[in-house]
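>>> okay, structure incoming, though there's no sequence with it:
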């Protein structure tokens, strides 16, 4: 397939590029030296902060509890991932779990700070945020983003009056353990509060994302968490007994608009899982963007700290000490288009 077609901003062309299903048996990584020919797409930088990067907007979708072997090649439960995303974009084959003995929450905190251990608290449970289950550390990604004059936002599915506009309380299929920012006191307050002004200013329900994309009012860094029905975590939700299929269907509904946006606004989408529950294998990561090498399987070793370090490089931030030795996701991009 002509690579120019794969970087066009048209959704129908995107669908056309994805006609060939991903075949794990033919999993041969492309060279990171391959060059994709594409026009630079201009975008306003005023609302997100100016960086020197070729990438101006970052989106993260966090999913749950599956290893790479559960996802890659599973066309029955994950047809959108395998027939549309993987042939067109990049995937990691050596993303390791640094916290194999721990549950979700410490992994999400790691996606924000490159560690789950701080001077005043180590995260080991899935408990809601509280004065005891939070940290006063300011050494984390969104504090860096704010200090640099850039912007960030968390889009969470399932928010309501019980969760609060600063969603520190569980309700229905919303789980605080999957929102990393609410465990940092400089976001939620010394005693985490639903009325924290900083937290409220940086949180929106997922239903607001479509409008923000259409109006070009998303932040420089956008973290998206589906609810427990859609993050591949649970099989107890109506409509399906297959949690992977529920999540794949959610992706097929929500990701096309993000793809259209990142193609038009120099963006990138990272779809990452928290842990390979029940598996000793690696964690899936899918990298989506107009200058990602198509059908590229990266064997570089990554961790959740790699996500932090990659966002730091894209937004021209200094690397936290906790992620200094982590590899970035540069291997996924055509020459000249990272960071």
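Thanks, I have the structure now. Remember, it's a predicted structure, so these values are computed and weren't measured experimentally.

>>> rest of the way, CA atoms for contacts and neighbours
OK.

>>> tell me the spacing between the residue nearest the centre of the chain and residue 236.
For the chain, the residue lying nearest the average C-alpha position, counting by Cα atoms, centre = their mean, turns out to be residue 60 (2.1 Å). When distance is defined by Cα to Cα, to the nearest Å, residue 60 is 25 Å away from residue 236.

>>> so for the residue nearest to the centre of the chain, what's the pLDDT?
In this prediction, residue 60 carries a pLDDT score of 99.

>>> could you look up the SS state of it?
Per DSSP: H, G, I helix; E, B strand; the rest coil, the local secondary structure of residue 60 is strand.

>>> quick one: the helices in this structure, in order.
Along the chain, the stretches classed as helices by DSSP state H are 3-6, 11-17, 68-71, 79-80, 86-88, 104-113, 141-147, 185-188, 197-201, 209-214, 243-264, 304-314.

>>> out of those helices, which comes closest to residue 130?
Using Cα to Cα as the measure, helix 185-188 is the one of these that comes nearest residue 130, at 9.4 Å.

>>> show me the contact partners of the closest one.
Outside helix 185-188, the residues within contact range by Cα atoms under 8 Å, 6 or more residues apart in numbering are 134-138, 166, 181-182, 191-192, 194, 196, 198-199.

>>> how about those residues in TSV, adding neighbour count?
Formatted as TSV, the contacts of helix 185-188 follow (neighbours: other Cα atoms under 10 Å):
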residue	neighbour count
134	25
135	24
136	17
137	16
138	14
166	24
181	30
182	27
191	14
192	26
194	20
196	20
198	13
199	26
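
>>> including distance to residue 172 and pLDDT, could those residues go into TSV?
Below are the contacts of helix 185-188 laid out as TSV (distance: Cα to Cα, whole Å; pLDDT from 0 to 100):
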residue	distance to residue 172	pLDDT
134	23	98
135	26	98
136	29	98
137	30	98
138	31	98
166	16	98
181	20	98
182	18	98
191	23	97
192	20	97
194	17	97
196	22	98
198	24	98
199	21	98
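
>>> where does pLDDT dip in the stretch 101-250 of the chain?
Within the stretch 101-250 of the chain, no stretch falls below the threshold (pLDDT under 70).

>>> what segments of it are strands?
Along the stretch 101-250 of the chain, the stretches classed as strands by DSSP state E, counting those that start in this stretch are 152-156, 203-205, 221-225.

>>> mind putting the ones you listed in CSV, mean neighbour count and distance to residue 329 included?
As requested, the strands of the stretch 101-250 of the chain are arranged in CSV below (neighbours: other Cα atoms under 10 Å; distance: least, Cα to Cα, whole Å):
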stretch, mean neighbour count, distance to residue 329
strand 152-156, 23, 20
strand 203-205, 20, 26
strand 221-225, 22, 16
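
>>> could I get these as CSV with distance to residue 338?
Converted to CSV, the strands of the stretch 101-250 of the chain look like this (distance: least, Cα to Cα, whole Å):
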stretch, distance to residue 338
strand 152-156, 20
strand 203-205, 28
strand 221-225, 16
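
>>> out of the ones you listed, flag the one nearest residue 323.
For these, distance to residue 323 was read as Cα to Cα. The smallest value, 18.0 Å, belongs to strand 221-225.

>>> contacts for that closest one, please.
For strand 221-225, with Cα under 8 Å, 6+ apart as the criterion, the contacting residues are 57-63, 151-157, 178-179, 206, 231, 311.

>>> 6 Å - rerun?
Outside strand 221-225, the residues within contact range by Cα atoms under 6 Å, 6 or more residues apart in numbering are 58-62, 152-156.

>>> what is the nearest of these to residue 284?
For residue 284, the closest of the contacts of strand 221-225 turns out to be residue 62, at 10.7 Å, with distances computed as Cα to Cα.

>>> ok, that closest one to residue 146 distance?
Spatial separation of residue 62 from residue 146 under the definition Cα to Cα is 22 Å.

>>> more neighbours: these two, which one.
When residue 62 is set against residue 146 and neighbours are counted by other Cα atoms under 10 Å, the residue ahead is residue 62, at 20 against 12.

>>> can you name the residues bridging to that one?
Under DSSP bridges, the beta-bridge partners of residue 62 are residue 272.

>>> my guess is it meets residue 269, correct?
No - counting by Cα atoms under 6 Å, residue 62 sits too far from residue 269 to count as a contact (10.8 Å).

>>> so who does residue 202 touch?
Residue 202 touches residue 153, counting by Cα under 6 Å, 6+ apart.

>>> where does the closest residue to residue 322 other than its chain neighbours fall, phi/psi-wise?
In space, and not counting its chain neighbours, residue 322 is closest to residue 114: 5.3 Å by Cα to Cα, 6 or more residues apart in numbering. Here the main-chain torsion angles of residue 114 (degrees, to the nearest 10) amount to phi 70, psi 10.

>>> excluding its backbone neighbours, what's nearest residue 281?
Once chain neighbours are set aside, the closest to residue 281 by Cα to Cα, 6+ apart is residue 67, at 5.9 Å.

>>> phi first, then psi, for that neighbour.
Dihedral angles (degrees, to the nearest 10) for residue 67: phi -90, psi 170.

>>> list the buried ones in stretch 316-335?
Going by neighbour count (16 or more other Cα atoms under 10 Å), the buried part of stretch 316-335 is 316-317, 319-320, 322-323, 326-335.

>>> was I right to think residue 227 contacts residue 159?
No - in this structure residue 227 lies outside contact range of residue 159 using Cα under 6 Å: 9.3 Å.
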